[in-house]
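A.B. asks: give me coordinates for this.
(chains A and B)
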Amino acid sequence: MYDVLIPKAYFVKLLENLAAMVEEQKDYLTHLDAQIGDSDHGVNLSIGFREVMKKLPDLVAQDVDIATLLKKSGMSLLSRVGGASGPLYGSLFMKLGAPVAGKNEVTFAELCEMIKSGIDAVVSRGKAELGDKTMVDALLPARDALFAGMEEGLKPLDVMEKAVAAAEAGRDSVVDKVAKKGRAMRLGERAIGHVDPGTASSCLFLRVFTDTLKEFV
Amino acid sequence: MRRLVNDPYQIVEEMLEGYCAAFKDKVELIGEMKRVVVSKKAPIKDKVGIIVGGGSGHEPLFLGYVGDGFADAAVIGNINTSPSPEPCYEAVKAVDAGKGCVYLYGNYAGDVLNFDMGAEMAADDGIRVETVLVTDDVISAENVEDRRGIAGDFFVFKAAAAKAELGGDIDEVVAAAKKCNANCATMGVAMGAADHPNTGTVMFEMEEGDMEIGMGIHGEPGVKREKARPMDEVVDEILDVLIPELKLKEGDEVYVLANSLGATPLMDLMVGFRRVAEVLGEKGIKIYKTLAGPYASTMNMPGFSFTLLKLDDELKELMDYPTDAPYFVQK
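C.D. replies: Just a heads-up that it's a prediction; the model follows:
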């Protein structure tokens, strides 16, 4: 069941869908950031994904492998987004392809390894821990849910849904916490009651990974 | 929004293009992404390279202080957002004269991530890059190393640049900058939000007639929001934080920076400074020199901060070192 093949077209579509989602959710993410940060999360992701979209046609024309496609897109995010989300989301995409270098299609099990590789890169770059009220609070539970879902023998799409649910639960679990990293850290108790913008965007990203997969498996 | 923009996605590029055209005798724009403002004199033989930077929207902060006797380069990010690693690295390549470089910037998670990656890239080329984080915003955190850098950037950049000009090696430049940072304290107040050109609206909501004590220069919420009070009361509250923070006592000397976030007029800064001078005078604390104006702004935000720098002979020498940058000329 987990050896179902996912073509490169999935990843191209994924990037397109992520860019479209960011444009749609830009104001929502920026609004969240205005509450406990510096009101630019949506704007900066939009600047980054516009660059990803600019580079995408060439990468498709050159017929690069999945890992290269994702790495180059991650480098666009790294160079254009700036702030903390540039290096963090940049690292995520740059490392997504690491387990599948040279391949043009991957199994579902490999897709899960890819997501794990990307999430682990965010954790090692950002050095945040669970409970710090950062994107890690959404991403780590999602990573673990992927593998737990496969252990349980869920269908691939259900594995993905389980990961999204875990990310959303993680996001909600830190709403009532103070932040220990990032700009919101300095707010102390005033961060309590607010959704962390990084956890929110991470949930939205995973939702797009999942919804895009429906067209391919 | 009461601003005129072209394409908001190009606003930083257009600003940098305009700035480097306006001051073309002193600076130029370099790098693949054109995000590094570099002094035309850099690299300067046998001098440690001084690189400052951060998000845009704080002008003249960063780019305005690139010039003779001041920074060699400024790395510019999107609005309120740190620059990415590549321009941080390009700045090192442009100004390093074989003596290494020092990155100086306000302490924000994003800036640290990106500048550190720039320093890693430079290290691969065998260039030593050291970092000094500015942490003058007293109210932003209990622990000094968790605090943000705001208007005090100006003094810390100045100290490092002068030390490098005076022939200090990289360790001496770092030590001078750290000493300046340790003796520098700032506290700010805002009465409203700046307009963000990308969203076309205010960065956050604030009721008319309110003020936020301790607000950061990106509009980060401060410690408390309350009804606006007379200037003297607010200045007293600021000094009640800054004076004990620096352990100032009778006979000490300070440099004062009265900084506008953009929309607070010089009139109001002077009213506030008058009270600063009065209170310090009563305590026998001497004011060595004063600067007043928008030195680290937040576009058109109504608000201001006061910075005190506790001086000794070394810091005086560094502050007085001649400078000819587009936004800070001193003979």
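
A.B. asks: relative to chain B, how far out is A:R183?
C.D. replies: Separation of A:R183 from chain B (CB to the nearest CB, to the nearest Å) stands at 6 Å. To be clear about C-beta, it is placed using only N, CA and C from the backbone, and glycine gets the same treatment.

A.B. asks: err, A:N44, not the other one
C.D. replies: Here the criterion is CB to the nearest CB. By it, A:N44 lies 5 Å from chain B.

A.B. asks: again with A:F93
C.D. replies: To chain B, A:F93 is 14 Å away according to CB to the nearest CB.

A.B. asks: show me what the host helix or strand of B:L257 is packed up against.
C.D. replies: With the criterion set as DSSP states H and E, the secondary-structure element containing B:L257 is strand B:253-260. Strand B:253-260 sits against helix B:153-165, strand B:184-190, helix B:266-282, strand B:286-293, strand B:303-310, helix B:313-320, with contacts defined as 3 or more CB pairs under 8 Å, 6 or more residues apart in numbering or on different chains; DSSP states H and E.

A.B. asks: let me know the angle separating the fourth one from strand B:253-260.
C.D. replies: Taking axes from the mean of the first three to the mean of the last three CA atoms, to 10 degrees, strand B:286-293 and strand B:253-260 form an angle of 20 degrees between their directions.

A.B. asks: quick one: residues in contact with strand B:286-293.
C.D. replies: The set of residues that contact strand B:286-293 without belonging to it, under CB atoms under 8 Å, 6 or more residues apart in numbering or on different chains, is B:154, B:251-260, B:266, B:269-270, B:273, B:276-277, B:280, B:311, B:316, B:319.

A.B. asks: quick check on those: which are buried?
C.D. replies: Of all the contacts of strand B:286-293 considered here, the ones buried according to neighbour count by 16 or more other CB atoms under 10 Å in any protein chain shown are B:154, B:252-260, B:269, B:273, B:276, B:280, B:311, B:319.

A.B. asks: looking at those residues, which one is closest to B:L239?
C.D. replies: Nearest to B:L239, judged by CB to CB, of the buried ones among the contacts of strand B:286-293 is B:V276 at 6.7 Å.

A.B. asks: so the closest one makes contact with B:L257?
C.D. replies: No - in this structure, B:V276 sits apart from B:L257 without contact. The criterion is CB atoms under 8 Å, and the distance is 10.5 Å.

A.B. asks: quickly list what's touching both of these two.
C.D. replies: Jointly contacting B:V276 and B:L257 under the rule CB under 8 Å, 6+ apart are B:F306.

A.B. asks: flag every buried residue along the helix or strand where A:A138 lies.
C.D. replies: According to DSSP H and E, A:A138 maps onto helix A:136-152. In terms of neighbour count (16+ other CB under 10 Å), helix A:136-152 has its buried residues at A:136-146, A:149-150.

A.B. asks: near chain B at all, that helix?
C.D. replies: No - against chain B, helix A:136-152 shows no contacts by CB under 8 Å from any CB of the partner chain, the least distance being 12.8 Å.

A.B. asks: contacting residues around the next helix or strand after that helix?
C.D. replies: Scanning the chain past helix A:136-152 towards its C-terminal end, the next helix or strand to appear is helix A:156-173 (assignment: DSSP H and E). Here helix A:156-173 makes contact (CB under 8 Å, 6+ apart) with A:1-2, A:4, A:108, A:112, A:115, A:137-146, A:148-150, A:154, A:195-196, A:199-200, A:202-203, A:206-207, A:209-210, A:213-214, A:217.

A.B. asks: before we move on, the earlier item: quick one: the strand holding B:L257 to chain centroid distance?
C.D. replies: Distance of strand B:253-260 from its chain centroid, counting by CA atoms, centre = their mean, to the nearest Å, is 13 Å.

A.B. asks: what pairs with it, and is each one parallel or antiparallel?
C.D. replies: strand B:286-293 (parallel), strand B:303-310 (antiparallel) (DSSP bridges).

A.B. asks: now those in TSV, with mean pLDDT and mean neighbour count?
C.D. replies: Putting the strands paired with strand B:253-260 into TSV (pLDDT from 0 to 100; neighbours: other CB atoms under 10 Å in any protein chain shown) gives the following:
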stretch	mean pLDDT	mean neighbour count
strand B:286-293	98	15
strand B:303-310	98	27
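
A.B. asks: distance to B:R128 added to those, as TSV?
C.D. replies: As requested, the strands paired with strand B:253-260 are arranged in TSV below (distance: least, CB to CB, whole Å):
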stretch	distance to B:R128
strand B:286-293	32
strand B:303-310	28
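
A.B. asks: what about the one residue in the stretch 1-150 of chain B that gets nearest to chain A, neighbour count?
C.D. replies: Among all residues of the stretch 1-150 of chain B, B:G110 sits closest to chain A, at 3.7 Å; criterion: CB to the nearest CB. Neighbouring residues of B:G110 were enumerated by other CB atoms under 10 Å in any protein chain shown; the total is 28.

A.B. asks: wait, is A:F49 part of a helix?
C.D. replies: Yes - assigned with DSSP: H, G, I helix; E, B strand; the rest coil, A:F49 falls within a helix.

A.B. asks: I figured A:Q25 hits A:C203, correct?
C.D. replies: No - here A:Q25 does not reach A:C203: they are 10.4 Å apart, not a contact under CB under 8 Å.

A.B. asks: so where do the helices sit in the chain?
C.D. replies: Let's take chain A. Counting by DSSP state H, residue ranges of the helices within chain A are A:8-36, A:41-61, A:66-81, A:85-96, A:108-126, A:136-152, A:156-173, A:197-213.

A.B. asks: I was thinking of chain B, sorry if that wasn't clear
C.D. replies: Counting by DSSP H, chain B has helices at residues B:11-22, B:85-95, B:109-124, B:153-165, B:170-182, B:231-245, B:266-282, B:313-320.
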